[in-house]
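S.K.: Sequence and predicted model, in that order:
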Amino acid sequence: MSGSYTQELEVAQKAVRIAAQVCQAVQQAITTESLAKKDKSPVTVADFASQAVICRELQAAFPDDPVIGEEDSAELKTAEAAPFLENVQKELSQIGIDGSPEDICGWIDRGGSHTYASRFWTLDPIDGTKGFLRGEQYAVSLALIVDGKIDVALLGCPNLYSEPNNQGTKGVLLYAVRGQGAWQVPLSGGEPQQIHCSSAETFSDARLCESVESGHSAHGLSARVADALGIKNDPVRLDSQAKYAVVARGDADIYLRLPTRPGYREKIWDHAGGVLVVEEAGGKVTDVTGKPLEFTYGHQLEENLGVIVTNGKLHEAVVSKVVEARQAEEAQQQ
Ligand SMILES: Nc1ncnc2c1ncn2[C@@H]1O[C@H](COP(=O)(O)O)[C@@H](OP(=O)(O)O)[C@H]1O
Ligand SMILES: [Mg+2]
Ligand SMILES: [Mg+2]
Ligand SMILES: [Mg+2]
């Protein structure tokens, strides 16, 4: 049964705010170094520091809750990463969190679970690390999943303005508790505002967003889908779950994430935070075949392919055009 989750929301908001503060400090440094992970993707001091502070807060408040987080300390423990670990320590100490290298690796590894549990958190300490390194959009994403359902979700977006077209306050926190609507508040604090998806029912003026990285979502296929739907606007490209944020606020109507290679499975931390925020704002999220996302398989969405996010009203039509376009592509490749 879902509860009111007052304490969970309070702890998670505090944790995401602190993490966002660390990320901002690192991004403002003139050079942000990164390490290459085993899969060749980048990871920065801020990814580790963010995961450390959030896991530390969760550990203190909910010591029994497992956390399925993106990072682990293995990469940090190599000799070449020693200066890197020292920088993580420095960044944390600047916000008043003092710990030994062992403490820090221990906090990070609190987020090292990969197995499904009846209640767990999932964390992406920096979603959109490539955007972060370019000085563009990124998000700190945290969600609580109970009995396979996302019940609490938060997206900290330090480079997203509170209003479209870079108007309003820079740096927002979006959050939702199942059944209680979706809300936005400046990361620096203030009065939360309820947010809603757009009410667009036609495609001519629809705004579609997708990844900046063509390796993360098939741009060519989305262009064909947009064309088939009669969408005239060019796609808006932005990194991270900020895409879920802009659909939840009604700044965009559609977010497409179309598989670029067979065999890739979406990671739960790339979606959980965004999914509930969009659903509580009135939108809809499925995979590219129209199936709901299933958060019951551990760290991956094993039974889903890609993602389609809409304001709800446009969903069915978008799914059917994506299905058609993927079939046409497959037929051509044979
Ligand atoms: N082939 C692939 N298809 C889809 N997503 C991928 C991918 N390779 C990496 N990613 C994910 O894409 C995320 C960024 O998404 P986006 O392009 O929307 O900003 C990355 O998150 P991290 O930046 O947290 O590592 C990573 O998990
Ligand atoms: Mg990553
Ligand atoms: Mg991610
Ligand atoms: Mg990440």
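M.R.: Looks like it arrived, so ask away. Ligands and ions are numbered 1, 2, ... in the order given.

S.K.: For the protein, what lies in contact range of ligand 3?
M.R.: 124, 127, 270 (CB under 5 Å from the ion). No exception for glycine: its C-beta is placed from N, CA and C like everyone else's.

S.K.: tell me, how many neighbours does whichever residue of the stretch 151-300 of the chain sits closest to ligand 3 end up with?
M.R.: Closest residue of the stretch 151-300 of the chain to ligand 3, CB to the ion: Asp270 (4.2 Å). Using other CB atoms under 10 Å, Asp270 has 23 other residues around it.

S.K.: can I assume it is in contact with Thr122?
M.R.: No: assessed by CB atoms under 8 Å, Asp270 is found out of contact with Thr122, at 9.5 Å.

S.K.: before we move on, back to that, in contact with the residue of the stretch 151-300 of the chain closest to ligand 3, which residues?
M.R.: 124, 127, 141, 241 (CB atoms under 8 Å, 6 or more residues apart in numbering).

S.K.: any idea of the mean pLDDT for the helix or strand encompassing Glu279?
M.R.: Using DSSP states H and E, Glu279 sits within helix 272-280. Averaged across helix 272-280, pLDDT comes to 99.

S.K.: Stretch 98-115 too?
M.R.: Per-residue scores along stretch 98-115 average to 96.

S.K.: is that stretch anywhere near ligand 1?
M.R.: No: using CB under 6 Å from any ligand atom, stretch 98-115 never reaches ligand 1; the gap is at least 12.8 Å.

S.K.: Can you give the distance of that stretch from its chain's centre?
M.R.: 21 Å (CA atoms, centre = their mean, to the nearest Å).

S.K.: List the buried residues in that stretch.
M.R.: Buried residues in stretch 98-115, counted by 16 or more other CB atoms under 10 Å: 99, 104-113.

S.K.: how about stretch 106-121, does it reach ligand 2?
M.R.: No: using CB under 5 Å from the ion, we find that stretch 106-121 stays clear of ligand 2, coming within 12.9 Å at best.

S.K.: wait, does that stretch make contact with ligand 4?
M.R.: No: applying CB under 5 Å from the ion, one finds stretch 106-121 separated from ligand 4 by no less than 11.2 Å.

S.K.: Convert that stretch to PDB, retaining C-alpha atoms only.
M.R.: This file holds the C-alpha atoms of stretch 106-121, laid out as PDB (Å, rounded to 0.1, in the frame of the first residue of the first chain):
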ATOM      1  CA  GLY A 106      31.800   2.900   1.700                       C
ATOM      2  CA  TRP A 107      29.100   5.500   1.100                       C
ATOM      3  CA  ILE A 108      29.300   5.100  -2.700                       C
ATOM      4  CA  ASP A 109      29.100   1.300  -2.300                       C
ATOM      5  CA  ARG A 110      25.900   1.700  -0.300                       C
ATOM      6  CA  GLY A 111      24.500   2.300  -3.700                       C
ATOM      7  CA  GLY A 112      26.000  -0.900  -5.200                       C
ATOM      8  CA  SER A 113      23.000  -3.200  -5.000                       C
ATOM      9  CA  HIS A 114      21.900  -4.600  -8.400                       C
ATOM     10  CA  THR A 115      19.100  -6.900  -7.200                       C
ATOM     11  CA  TYR A 116      15.400  -6.300  -7.000                       C
ATOM     12  CA  ALA A 117      13.800  -5.900  -3.500                       C
ATOM     13  CA  SER A 118      10.300  -5.200  -2.300                       C
ATOM     14  CA  ARG A 119      11.400  -1.700  -1.300                       C
ATOM     15  CA  PHE A 120      14.500   0.000  -2.700                       C
ATOM     16  CA  TRP A 121      15.900   3.300  -3.900                       C
END
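
S.K.: Which of the buried residues of stretch 98-115 fall in strands?
M.R.: With DSSP state E as the criterion, strands contain none of these.

S.K.: of the residues you listed, closest to ligand 3?
M.R.: Nearest member of those to ligand 3, counting by CB to the ion, is Gly111, at 13.1 Å.

S.K.: Please name the residues that touch the nearest residue to that closest one once chain neighbours are set aside.
M.R.: With sequence-adjacent residues excluded and distances taken as CB to CB, 6 or more residues apart in numbering, Gly111 is closest to Gly69, at 2.6 Å. Gly69 makes contact with 51, 54-55, 108, 110-113, 122-125, 269, according to CB under 8 Å, 6+ apart.
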